[in-house]
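**Q** my questions concern the predicted model and sequence given below.
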Amino acid sequence: MEQPIAMNTLSQILEKLRLKGKDNELKISDHGKMQSKTLSKIYKPEDLTIVKTYRFEGDSDPADNSVLYLVEDQDKNIGYILDAYGIYSDNDGPAFDDFLKKIPTADRDEQELFA
């Protein structure tokens with residue numbers, strides 16, 4: 001019988017980011033751009049690349065559904081965008097989704113990101 005693959009939890013990924021000094025959360029601003037208070041930077045979609053996406057689904061509560069996007073800026077800083085999805089999304093209106101759709105993607109290996 002095969003052993004199940006251990007799945008990472010949202011809190012485990014966020015803790016890995018914190019330990020590596022990459023816990024820079026980006027949030028959508030009132031002006032429709034992403035802002036990192038930690039790095040004191042404001043980003044347009046073309047300033048970022050989504051390098052890894054994690055989807056988390058709660059076993060019993062749809063409110064536990066979330067997506068974590070690891071992003072890299074042009075200066076090679078790693079940060080993240082966190083969003084609950086579906087009706088539980090923290091981001092009202094189309095600005096957040098429109099912004100995400102415009103960010104280019106380049107799936108990277110997890111070991112590379114957390115090295």
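**A** Received, thanks. Numbering: from 1, shown residues only.
**Q** gap between residue 44 and residue 9?
**A** Between residue 44 and residue 9 the computed distance is 31 Å (C-beta to C-beta, to the nearest Å). All C-beta spots, glycine's among them, are computed from the backbone N, C-alpha and C.
**Q** pretty sure residue 44 sits against residue 33.
**A** Yes - counting by C-beta atoms under 8 Å, residue 44 does reach residue 33; the two are 5.9 Å apart.
**Q** just want to know which of those two has more residues nearby.
**A** With neighbours defined as other C-beta atoms under 10 Å, residue 44 and residue 33 compare such that residue 33 has more, 16 against 12.
**Q** check contacts around the more buried one.
**A** 42-44, 99 (C-beta atoms under 8 Å, 6 or more residues apart in numbering).
**Q** let me know the pLDDT of it.
**A** The confidence metric pLDDT takes the value 93 at residue 33.
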